[in-house]
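Colleague: Fold the stuff below for me.
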Amino acid sequence: TSTGIQLINQIPEIFISNNQNIDYVYKNGMTFLKEGDSPAYPIIHDNEQLYILNGAGYDFTKYYIDDFNQEIVIKKNIISPKIRDSIYFQLITIPNEEYIPIIKNQQLKIRVSYIGLNKQSLLLEYNVENKKTEIVSHTLVGK
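Modeller: Sure thing, here's the model as predicted:
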């Protein structure tokens with residue numbers, strides 16, 4: 001289901017109130033997040049849902065819960081960027097009941113899969129206890 005992907009024009013309050021220092025740059029019609037406290041994508045949760053932030057341009061196109069591999073899979077288009085006339089972000093919100101069943105040892109796995117790049121992806125682990133994200137593996141050629 002990709003119904004949880006919103007296009008927004010400012011960083012949501014939940015990230016700011018949790019002291020996530022999110023820096024970004026708007027360049028050539030795309031908004032890029034700079035790595036701050038969180039590698040790759042800012043992730044946070046509250047009592048209702050999980051929030052994953054992306055700069056707009058190289059857009060998330062859909063996400064789903066992969067029960068077999070116990071991870072959230074997000075498809076990202078890095079082949080044909082969407083150019084926009086001002087700063088935008090994408091926000092994925094996933095209700096607690098959808099992702100809590102796949103948490104193992106306080107870790108939630110999130111895989112960003114690059115569309116058109118032959119199964120290349122970025123695997124993140126989000127610790128639901130301390131709200132920190134780590135890159136587990138990155139199979140993007142050239143990185």
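
Colleague: going forward, measure contacts between C-alpha atoms and count neighbours the same way
Modeller: Noted.

Colleague: Per-residue pLDDT of the residue minimising distance to the centre of the chain, please?
Modeller: Nearest to the geometric centre of the chain sits Ile52, at 4.1 Å (C-alpha atoms, centre = their mean). Looking at Ile52, its pLDDT stands at 96.

Colleague: Which neighbours in the sheet does the helix or strand of the chain with the lowest mean pLDDT have, and how are they oriented?
Modeller: Counting by mean pLDDT, DSSP states H and E, the chain has its least confident helix or strand at strand 132-138, which shows a mean of 89. Partners of strand 132-138 in the sheet, by DSSP bridges, are strand 121-127 (antiparallel).

Colleague: could you list every residue that touches Val73?
Modeller: By C-alpha atoms under 8 Å, 6 or more residues apart in numbering, the contact list for Val73 reads 63-66, 110-113.

Colleague: Tell me the spacing between Phe32 and Glu48.
Modeller: Distance check for Phe32 against Glu48: by C-alpha to C-alpha, to the nearest Å, it reads 27 Å.

Colleague: Same drill for those two, tell me which one is more crowded.
Modeller: Between Phe32 and Glu48, counted using other C-alpha atoms under 10 Å, the more crowded position is Phe32 (19 against 11).

Colleague: Now that the more buried one has come up, it's in contact with Ala56, right?
Modeller: Yes - Phe32 is within contact range of Ala56, at 7.1 Å (criterion: C-alpha atoms under 8 Å).
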